[in-house]
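In: Any chance you could fold what I've pasted below:
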Amino acid sequence: MPFHHSKRWEVAPALPEEVDRELAALYPPFFRQLLYNRGILTLAEAERYLQGQVECDDPALMLGMAATVDRLAWAVEHGEKIVVYGDYDADGVTATALMVQVLEALGANVRPYIPSRFDEGYGLNLEAVELLAKEGARLVLTVDCGIRSFEEAERARQLGMDLIISDHHHPLQSLPDAFAIVCPRQEGETYPDRNLAGVGLAYKIAQALLARFPSSGLEAADWLDLVAVGTVADVASLLGENRMLVRRGIERLRQGRRPGLAALAGAARLNLPKLSTFDIGFGLGPRLNAAGRMDSAMSALELLLAKDSATAGRLAQVLDNHNIRRQEVMRDMQERAEAIALREGEEAILFAFQEDFSEGILGLAAARLTERYYRPAVVGKIEGEYARASCRSIPEFHITRALDECKDLLVRHGGHSMAAGLTLRTEHLDELRERLGQIAARELGTRELRPVIRADKELDASKIHRKYIDSLMKYLEQLQPTGQGNPEPVFVSRGLKVHSYRQVGSDKSHLKFSVSAGDVVFSAIAFRQGEWANHMPPSVDLMYQFEINYYNGEESLQLKVLDLRPAGSAPLEIGEPPIRGEAH
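Out: I've put the predicted structure just below:
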């Protein structure tokens, strides 16, 4: 398998004349192209999209919501002990914090429970169900987990506990026997938006519950900052309702109302009043996740629940330290996982299992293998009789469906099309490797596996002047929040002259350089592309995004380079037209 996989560069097809005429009344040419690339064909659609005019659908439309609210309200009014059972990632922790705070504000007897990644693993487990029953819990509400917890649901019922499952992951054909289930992906669900993250579902439950207590004066919108963080960190689609929730949530984040998130932004050296989805995805999210990866997610939860800046500051530093340690462990583990995965030569799916792998880093290591070699990857830790693993995949291969075909070998599994987790007996590891390999060969064997980078528009950098850039950045801001499903605009420019370059970062893995076309000079950063410094060509073609770099209180424009290659070394292909209405 080659050290580098070649990427195919595509640029969006030019917008049709009738769309160009329609949008020309209000928008300049480059912005008309960006809108068309997002499936927007009319001025009315453009206004709704740019203004975030998406109404929150009534949570009562969701299956299981009425029973959920009835049961929660009864528990609040009668002082029953409620447990909010979450997951240890950023989505699960924000969802847990949201539900705990809402229930506390209503006067409920509530406590959170987040399992240990290392001792308990993902989701509900029988030991925790037994413990909570002994503690006197009468109602357990899961957030971001539980949709495949059949044994645990049955045991809760035997112990006299009502279990409400709220989970956005894909269910199996049957569902656990719980008191109520709120899952937008369950069969028969008619709720219009099925892309809510776990924290988004918690928000919908909060909306419905607070409507039951109008005299409380509480508004679910007070927790939108948590919704924004969890949704972006979980890489949920930023279309439809998610787009509106994240947009409003970022507005609250920038105000610094929550001590924990304000302190975490400070520890991450982020400009809070200018906070973006990128800052959440690469600043706040990794630090919240680092708690559960390196120690206990309870420290992340405590940070989100902190009521004073002193406590928040201390906990933010704890999470920042966890993140630094996570980066160190990741570098070492990544090298070893790569060596193990490639030992057998080129494979349709990459496997790397080891006894001393850090369980909290498995998903990151799998993601890095997938990114580097553009193959599905399974990275796991062997612990005696059992092994646990995280899986990451590519758009051409639905990893959870592949695991479903192997479910007879698995103790448990679950996830999405691009990411999943599993537990199995170690004795079945070789057979799982073989069967997943056969499935991957069947699905991928005849395909040309090359990652595609798509540009919205080609720009002649020599014609870009300061006034043009100011106008461009003003319009690009209107596309926010960007992320999964609503990507940050990507541009391509060719024949740029390289002026200077150097490797940067603690491990010298990134490339900092400057380029020019005519009289225009741009600073540029290319993450995880530091090896180019060893063979940098005199001129390059770039696939990039514009971004504002904040450093020492000053702002400067730079190019965030997604990929580069020697000038003129490969053609620029025309991609497919956008799917109608994909940004709505």
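In: which ones are touching the closest residue to E443 other than its chain neighbours?
Out: Distances taken as C-beta to C-beta, 6 or more residues apart in numbering place F397 nearest to E443, at 5.6 Å, with adjacent residues excluded. To be clear about C-beta, it is placed using only N, CA and C from the backbone, and glycine gets the same treatment. Counting by C-beta atoms under 8 Å, 6 or more residues apart in numbering, F397 makes contact with 349, 376, 440, 443-444.
In: mind redoing it with 7 Å?
Out: 376, 440, 443-444 (C-beta atoms under 7 Å, 6 or more residues apart in numbering).
In: Check R293 too.
Out: By C-beta under 7 Å, 6+ apart, the residues touching R293 are 326, 360-361.
In: From the residues you listed, pick the one nearest V452.
Out: Of all the contacts of R293, V452 sits closest to I361, with 27.9 Å by C-beta to C-beta.
In: Name the nearest residue to L436, ignoring sequence neighbours.
Out: With C-beta to C-beta, 6+ apart as the criterion, L436 has its nearest non-adjacent residue at 5.5 Å, and that residue is I349.
In: returning to what we had before: now flag whichever of the contacts of R293 is closest to L63.
Out: G360 (33.9 Å).
In: Next, the residue nearest to S116 when sequence neighbours are not counted: secondary structure please.
Out: Among residues not flanking S116 along the chain, S296 sits closest, at 6.3 Å (C-beta to C-beta, 6+ apart). Look at S296: counting by DSSP: H, G, I helix; E, B strand; the rest coil, its state is coil.
In: Please tell me the pLDDT value assigned to S296.
Out: S296 carries a pLDDT value of 93.
In: follow-up on the earlier one: which of the contacts of R293 fall in helices?
Out: Secondary structure defined by DSSP state H assigns R326 of the contacts of R293 to helices.
In: now, which of the contacts of R293 sits nearest E187?
Out: Of the contacts of R293, the one sitting nearest to E187 (C-beta to C-beta) turns out to be G360, at 33.6 Å.
In: ok, that closest one touching R117?
Out: Yes: contact criterion C-beta atoms under 7 Å: G360 and R117 qualify, at 5.7 Å.
In: Quickly list what's touching both of those two.
Out: Common neighbours of G360 and R117 (C-beta under 7 Å, 6+ apart) are G292.
In: after the helix or strand where L476 lies, next one along is what?
Out: Assessed by DSSP states H and E, L476 sits inside helix 466-477. Per DSSP H and E, helix 466-477 leads on to strand 491-504 as the next helix or strand towards the C-terminus.
In: tell me which residues of that following strand are tucked away?
Out: By 16 or more other C-beta atoms under 10 Å, the buried positions in strand 491-504 come out as 491-494, 496, 498, 501, 503-504.
In: Quick one: work out the angle between that strand and helix 466-477.
Out: Per axes from the mean of the first three to the mean of the last three C-alpha atoms, to 10 degrees, the angle that strand 491-504 makes with helix 466-477 is 90 degrees.
In: re earlier: so which of the contacts of F397 are in helices?
Out: Those of the contacts of F397 lying in helices (DSSP H): 440, 443-444.
In: need the helix or strand of the chain with the lowest average pLDDT.
Out: Within the chain, judged by mean pLDDT, DSSP states H and E, the helix or strand with the poorest mean is helix 466-477; its value is a mean of 85.
In: Output the contacting helices and strands for it.
Out: Contacts defined by 3 or more C-beta pairs under 7 Å, 6 or more residues apart in numbering; DSSP states H and E place helix 466-477 against strand 539-551.
In: and for the strand it packs on, what are the contacting residues?
Out: By C-beta under 7 Å, 6+ apart, strand 539-551 touches 9, 271, 274, 453, 455, 472-473, 476, 488-498, 515, 555-567.
In: In TSV, list the contacts of R293 along with pLDDT and distance to L132.
Out: Converted to TSV, the contacts of R293 look like this (pLDDT from 0 to 100; distance: C-beta to C-beta, whole Å):
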residue	pLDDT	distance to L132
R326	94	29
G360	89	24
I361	93	29
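In: Switch the contacts of R293 over to JSON lines; also include neighbour count.
Out: Listed next are the contacts of R293 as JSON lines, based on neighbours: other C-beta atoms under 10 Å:
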{"residue": "R326", "neighbour count": "21"}
{"residue": "G360", "neighbour count": "24"}
{"residue": "I361", "neighbour count": "25"}
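In: export the contacts of R293 to JSON lines and tack on distance to M99?
Out: Below are the contacts of R293 laid out as JSON lines (distance: C-beta to C-beta, whole Å):
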{"residue": "R326", "distance to M99": "27"}
{"residue": "G360", "distance to M99": "24"}
{"residue": "I361", "distance to M99": "28"}
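In: Quick check, central residue of this protein?
Out: Residue closest to the average C-alpha location in the chain (C-alpha atoms, centre = their mean): V235, at 2.0 Å.
In: any idea which element that residue lies in?
Out: Applying DSSP H and E, one finds V235 in no helix or strand.
In: Could you do S523 as well?
Out: Per DSSP H and E: S523 is located in strand 520-526.
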